[in-house]
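**Q** Give me the fold of what follows.
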Amino acid sequence: MTRDTEAGFTLIEMMIVVVMIGVLAAIALPLFTSEANESKAATEVQSMFSKLRIAQEQYKLENGVFLSTGADENDTFPATPTKTPQSLATPPATWDALKFVPPQPEVRCGYVAIAGPPGGGTVGAKGVGFGFAAPQAAWYYLLAHCDIDGDGAEDAFYFTSSVDSQIQSVGEGH
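**A** Model (predicted):
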């Protein structure tokens, strides 16, 4: 008795393919999510920093100094970064004094501007890995604290200053 050969896949072959697809998805999905989070944060931070730079320069033209919007890098607005967008509708008084007009009505990151008088020395958000040499002119730095993935385990920080407009980052995608 001869058996006709049938074309097709066996159950074992199908199970192997399904397992391989699952492994590839388990590897690719976190990478994709991290890239998406990094892109969200970078886009938001770039537009906020751009508007904050303009507001700081205008404030200095009108008042002769830059303005701090908080006491230190922990005094951000909104106060707690989150993966859920938060309204910027009710800013603190210092943000009103800066005449800051946000580029969007909601943000996920918390922002602070710290300003200082002319002088030397290293200043900056050293607790989050940034610092710069204060120039012999009035200065400011901007810091964004983000928790885009919402896990609270590791956060992202972005930094720029009046000395260097390049945006530095630590922990992007978190």
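
**Q** How far away from the center of its chain is the helix or strand hosting residue 113?
**A** Taking DSSP states H and E as the definition, residue 113 sits inside strand 110-116. In terms of C-alpha atoms, centre = their mean, to the nearest Å, the centre of strand 110-116 is set 14 Å apart from its chain centre.

**Q** Can we start the residue count at 31 from this point?
**A** Fine by me, first position is 31 from now on; the one you just mentioned is strand 140-146.

**Q** Now it - C-alpha only, CSV.
**A** As requested, the backbone C-alpha atoms of strand 140-146 are provided in CSV (Å, rounded to 0.1, in the frame of the first residue of the first chain):
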residue,chain,number,x,y,z
GLY,A,140,8.3,68.8,33.8
TYR,A,141,10.3,72.0,32.9
VAL,A,142,12.4,74.4,34.9
ALA,A,143,14.7,77.3,34.0
ILE,A,144,17.5,78.2,36.4
ALA,A,145,19.3,81.6,35.9
GLY,A,146,22.3,83.1,37.5
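
**Q** Could you name the helices and strands sitting against it?
**A** helix 41-93, strand 169-176 (3 or more C-beta pairs under 8 Å, 6 or more residues apart in numbering; DSSP states H and E). Heads up, the C-betas are built off the backbone N, CA and C, glycines and all.

**Q** Pick the most deeply packed of these.
**A** strand 169-176 (a mean of 25; mean count of other C-beta atoms under 10 Å).
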